[in-house]
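Peer 1: here you go, sequence then predicted model.
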Amino acid sequence: MNGFSKRVTRKDALASLLVLPALAGVLAVGATTIARADSRTQLKYQSTPKGKQKCSGCSLFVAGKTATANGTCKVITGPISPNGWCTAFMPKSS
């Protein structure tokens with residue numbers, strides 16, 4: 001008897017239908033977390049500006065409560081200095 005002729009029960013089929021999507025979801029979340037956690041290094045984030053380029057002038061920056069307070073970024077996790085800079089810098093449109 002080869003592997004293709006094995007009878008699959010309804011219980012086995014339902015278990016596979018439940019386990020596979022859950023496993024895929026866990027793997028996707030894990031990969032996203034790893035990618036975002038390393039984004040500071042990959043994008044060479046620094047808390048000081050690069051010339052006239054700084055986070056407060058970037059379209060990816062989400063400002064904090066005040067102009068000098070740390071904000072957040074759409075591509076880097078954690079607090080972001082308004083005077084920081086990274087290689088993802090995209091100037092705000094005028």
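Peer 2: Good, I have the coordinates. Residues are numbered from 1 along each chain as shown.

Peer 1: how about L60, what does it touch?
Peer 2: Shown in contact with L60 (Cβ atoms under 8 Å, 6 or more residues apart in numbering): C73, K74, V75, A88, F89, M90. For every residue, glycine as well, the C-beta is placed using N, CA and C.

Peer 1: list the buried residues in stretch 87-94.
Peer 2: For stretch 87-94, burial by neighbour count (16 or more other Cβ atoms under 10 Å) applies to A88, F89.

Peer 1: what of stretch 44-57?
Peer 2: Y45, P49, K54, C55, S56.

Peer 1: among the contacts of L60, which pair sits farthest apart?
Peer 2: The span of these, defined through Cβ to Cβ, is set by K74 and F89 at 12.1 Å.

Peer 1: what about the strands in the protein?
Peer 2: With strands called from DSSP state E, the chain shows them at 61-62, 72-73.

Peer 1: who wins for proximity to S39 among those strands?
Peer 2: strand 72-73 (8.6 Å).
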